[in-house]
Every structure is written in C-alpha cells, then in structure tokens.
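# Give me a 3D structure for the following:
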Amino acid sequence: MPKLPRVIESFKLRSIQTIITLSFTLMTVLVVIAVSIMLYNKFTKTAEENAYLNIQQIIEQVNYHLELYVKGMQDIYEVVEQQINDTPDISSPVLREQLTTLLHTREDLVSVGLFTPEGKLVVDIPALEMRKNTMLEEQSWFESAHTRPQKLSFSPPHIQNLYKGQYKWVVSLSRMIKYKDQGTIKEGILLVDVNFRTIDELSRKVSLGKRGYAYIIDDLGNIVYHPQQQLIYAGLKYDNIEATLEYAYGSYIDKPTGEPRYITIRTVEPINWKIVGVAYPDEIVTTKKDLNQFIFWFLVVVCAAVVVLAMFVSAKISQPLRRLEKSVQSVGQGDFSTPIHVSGAHEVVQLSKRFNFMLHRIRQLMDQIIHEQEAKRKSELDVLQSQINPHFLYNTLNSVVRLAEKGKKEEIVATITSLSKFFRISLSKGKNIITLEEELEHVRHYLIIQKIRFKNKFNYAIECEQEALSCMTLKLILQPIVENAIHHGIEKMSDEGFIRIAASIKEERLVIQVSDNGLGMSRQVMEQLLSGGIRSGGSGVGVKNVNERIRLYYGKAYGLRFESDLEEGTTVTITLPVEKNDDEQQDWGIS
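Predicted coordinates:
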C-alpha cells in the first residue's frame, strides 16, 4: 500500500510511462481485435462450411443406403416377374411354392399379388382372404401401373388394405407384366408390397441437431417419409415442398418462417425420390457461440495482461528518466553536487552521462566564476583603497599649505604627525587584517587631521572595552563611515558636531558603533548608501564597499546597520565576529 501513491503520482496523464502504457495497450488491443476478427470470420466460416459439409455427407450417406435398398427391391421385383414369365401356367403349384419361398427369405417382403387390369386377383402370396370394398382401381399403385405400364412404380407409404387382418405400413411396387394362363398370354399388374420399416429406420438415423430432421418425397411431391407424421396431414406448413421439387441435387438457405434453415437435397435413383435434410444453422454451428465466448474472454485476459506488462515495461523505461528528472529538480534547486546514477537504455545512459558531464562543467564554471568574482571584488577594493592615499594626501597637504601661510606651526606639526601615522597604519605591511586597536588608532589620526582641516567644527570621542582591543578586524572600515558622518552629517551644520566611536563585545560578537549628532538622513538615503547610490565625500570608498567587504570576508550574518532620524543624527552599527590570536591569524587580503 505505501507504494500505491508513488505509482499513482508517477502515472500522470502526460508522463512518458502513461504514454508508453496507453500506446502499447491501445496498439496491442487493436492488433488483437483485428486478428481476432479475422480469425473469428475464418473459423466461423470454416465451421459453417464443415457443418454444412457434414450435413451433406449425412444426407449423401442416407441416399446411398436408400439407393442400395431400392435397388434390392427392384431386384426382388424382377426375380418375381422372371419366375412368373418362366412359368408355363400361372396356376402352377411350383410357381406358388417358389414365390412363397422367396417371401420367406426376406423379412421386409409382405406380399406378392397379380391382378388383371380389371382388378381381379390372379395370384396372392400368401394366400389370404381379400377384403371387400378395397377400391383397388383407385389405389395409387394400381393407377400408376395403368398410367405408366412399362415403368416400375413405387407408391408412397400406406397401410396395406387388400387382405383381412393385414394393417402393415408398406410401399407398393407395381407394373404391367405378361403371364401365361392355360397357354394364353395375358396382361396383368404385378404388385409387390415391401415393409416400410427399413426405409423408416434408415431415415430415423439422420441426426441434424436437436431440431433438424430429414424427410423423403417422391417425384410428384408426395410424402414418402417424415419424422413427424402429423405434419403430413397438416399440409406440412413448415416444409416448402414446391421449392424442393426444383432441385435434384443441391443445398440452399430457406426462411419460410423468418428463421433460416439449411436445406440439403439428394435424389434417390432410379425412383426419383428426394431426400430433404432440414438443419438449423444456430444449432449446427455451435462453434460460433463458443468462439464468441472464447474471443471475449481472450480479449479480456489479453488486455489485462497487456496493461500489466505495459505498466511494467514503461516503468522500467521511465524509471531512469524519473531519476534524471529528480536530479534535474535538485540542480534547479541549487544542488550541483549529486551525480546522476547512470543506468537504463542506451539513450538514457548517454543522456545521463552528458548530464553528469554538464553538471561537472557547471561546477567548474561556478567555482571559476566565484573565484573570479572574489578576485575582482578584492581587486576593486584594493584599487579603491589605493585611491584613498593620494586623494586624502592631496586634501591634507592643501590644509598644511594653508596652515603654513597662516604661520600655525603647532597645527602643522600635529597634522603631519597624524598624516604619517595614518599612512603607516594604512600600509600595515600589506596586511588587510589588523587589530581593532590599530583600526581605532587609524581613525583617530584621520579625525585629528579632519578636525584641523574643518577648524574644530566638531569634536570626537573614542571608547573601547579593553578585551575588544585585541580583536582582529578588517582594515579601513571605520574611516569611510567617519568620513561619511563628517561630510553628510556635520559639515553643513551651523552648530558644533560630535562624533562618538564605541567598541565592545556583545553575545560573542564585536560591535562597533559610530554615532554623530548631524543632520541625519531619511530611510531612502540610507538605502542609497548601502546600495552605492551615495559615495563618501573624499576617499571614494563608499559605505556600500565597507558593507560588502565585511560580508565577503565574514559572511552575510555580519555587516552594517543604520539608525537615523532627520535633525537628530545617525548611528552606524558594525557587527564583526570575535577573532583573536593575532599570531595565528591568516591574511585574508589580496596578495
């Protein structure tokens, strides 16, 4: 369960994993559907063809057996006819014995009879009493013999009603023949009744599905056999006999009631009976339904398997890319130190290697830029510091010249003495880190010179805790602030100004405050001072540069803070770390 949110999060709509999964799934499902449709059409068509071929073979087989049986009945009829022709007298006991023997050798033979064209009985085997009112002349076999005397006629199945006590279902074979009666050749109708049971058994063996069946009709459309005899008497509402008479051999789809039925027709030679097979496609083509279910569940299983496989494959493909994405996010957040794990496909490996190379190059360029910027900043500060000496020297010498013209020897001596000490501390043997005591001494000489120059327009006071004197500090951080206080705060005052410098250690920090009672400044002017918009009057080293130097050497936690009100003065607080051990202190300056 803990992995589920991660999976959901990674499975975004436009992510490469989603695109691969959906594309692979859609493509596979479409291919499977297309192949399934083709296979379905092919299999169903083959199944239908096989089913129809099977029906045709069944009907063909029944037709074959019926033809053999009909041929056997014809042979029996010809044997009986031949025996009658070979007998010199129809009343011969030998003929009767021969016909009786023949009748007993075949179970399907029911009776043999010879009748005159007028319907009078000549010979009957077996010898049974005939029924009265049989209407012999109206029976189909008798009419067929008269109508087609030279052709052997097969009657439709009927109940034999010639003899008393006989109610067998028979097919009658009849034809006009010649026989000898007391030396005279006469014509008569030979009747052979064959039990219909054999034909019925052959036809009942036909299985064409649960509802399918086969029936037999003669060449006139009369029903010879039908599995549902009631349909014979009902007029066969569902069997289109007229249509079947048009075919001697063939198959077609019939829709007499709207439901399709597959009709197969074969003709029994030589009697021209037709075997008609009736099958229902929805029963015989059961494979179609099974195939429908199989394809449906096959598609469900394939789709599920494809989705799982696609998600697995896409996850494997997109995992290195997601790792690369996280690394890029880390880089975007400023982390250039974490390398990318190189793995996955060839393209991803190459991309990861290129990205690692890019990160390495970016780190190199960043280090180079930092080094160059630090060097540039320190170089600028050195240049600015170097500008202090000639500019300040120029102003101080002008003041000395004016003092000499006025003959003020003591002030000249004090100015030159302070100027020499000022420059000595400024040089500091090339060091940029000096003690606070030296920095205070440096600014004190600066104040002496400026006080003489401005004709005692201001006074000053320097206070420092004893413990703070040995703390290390950057050189030349107080002079620009004091210079700014003189030129912007006190010089334009009508009253006497006062500058106070106080240093102490508070909360493990060295705090130096430079306060004046000058004109003060607005918040906008303070912001301009820190941004470099306003520069100190004479040295060229602005307050902004002092603040940047402190932050460059000690960090952003240290620097300058202004407090000022108009007409009330200004206080500048310098915050530095407490650094001592002057002997072990490294030189942070520019070499």
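
# Quick one: mean pLDDT for the helix or strand harbouring Gln57?
Using DSSP states H and E, Gln57 sits within helix 16-86. The average pLDDT for helix 16-86 rounds to 81.

# Kindly report the same for stretch 495-513.
If you average the pLDDT over stretch 495-513, you get 93.

# The chain should start at 32 in everything you say after this.
Taking 32 as the first residue, the last one we looked at is stretch 526-544.

# how about the CA coordinates for it, as PDB?
The C-alpha trace of stretch 526-544 is given here as PDB (Å, rounded to 0.1, in the frame of the first residue of the first chain):
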ATOM      1  CA  ASP A 526      26.300  74.100  15.400                       C
ATOM      2  CA  GLU A 527      29.300  72.100  16.600                       C
ATOM      3  CA  GLY A 528      29.300  68.500  15.700                       C
ATOM      4  CA  PHE A 529      30.200  65.500  17.700                       C
ATOM      5  CA  ILE A 530      31.300  62.000  16.600                       C
ATOM      6  CA  ARG A 531      31.400  59.100  19.100                       C
ATOM      7  CA  ILE A 532      33.100  55.800  18.400                       C
ATOM      8  CA  ALA A 533      32.400  52.900  20.800                       C
ATOM      9  CA  ALA A 534      33.500  49.300  20.600                       C
ATOM     10  CA  SER A 535      32.500  46.300  22.800                       C
ATOM     11  CA  ILE A 536      31.900  42.600  22.700                       C
ATOM     12  CA  LYS A 537      28.300  41.500  22.900                       C
ATOM     13  CA  GLU A 538      27.000  38.000  22.600                       C
ATOM     14  CA  GLU A 539      30.300  36.800  21.200                       C
ATOM     15  CA  ARG A 540      30.300  39.500  18.500                       C
ATOM     16  CA  LEU A 541      32.400  42.500  18.100                       C
ATOM     17  CA  VAL A 542      30.100  45.500  17.900                       C
ATOM     18  CA  ILE A 543      31.400  48.900  16.800                       C
ATOM     19  CA  GLN A 544      29.100  52.000  16.800                       C
END
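
# in that stretch, what's buried?
Residues of stretch 526-544 classed as buried: Gly528, Phe529, Ile530, Arg531, Ile532, Ala533, Ala534, Leu541, Val542, Ile543, Gln544 (neighbour count, 16 or more other CB atoms under 10 Å). (C-beta placed from N, C-alpha, C; glycine too.)

# So for Leu340, what's the nearest residue that isn't a sequence neighbour?
Leaving out its chain neighbours, the residue that sits closest to Leu340 by CB to CB, 6 or more residues apart in numbering is Phe55, at 7.9 Å.

# what would the buried residues of stretch 526-544 look like in a markdown table with secondary structure and distance to Trp304?
Formatted as a markdown table, the buried residues of stretch 526-544 follow (DSSP: H, G, I helix; E, B strand; the rest coil; distance: CB to CB, whole Å):
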| residue | secondary structure | distance to Trp304 |
| --- | --- | --- |
| Gly528 | strand | 145 |
| Phe529 | strand | 145 |
| Ile530 | strand | 142 |
| Arg531 | strand | 142 |
| Ile532 | strand | 140 |
| Ala533 | strand | 139 |
| Ala534 | strand | 137 |
| Leu541 | strand | 131 |
| Val542 | strand | 131 |
| Ile543 | strand | 134 |
| Gln544 | strand | 134 |
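
# and the two most separated of those residues?
Gly528 and Leu541 (26.0 Å; CB to CB).

# Tell me how far the residue nearest in space to the middle of the chain lies from Gly551.
When CA atoms, centre = their mean is applied to the chain, the residue found nearest the centroid is Leu53 (1.8 Å). Leu53 sits 70 Å away from Gly551, going by CB to CB, to the nearest Å.

# With Asn578 instead?
Distance from Asn578 to Gly551, by CB to CB: 19 Å.

# more crowded one of those two?
Asn578 (24 against 19; other CB atoms under 10 Å).
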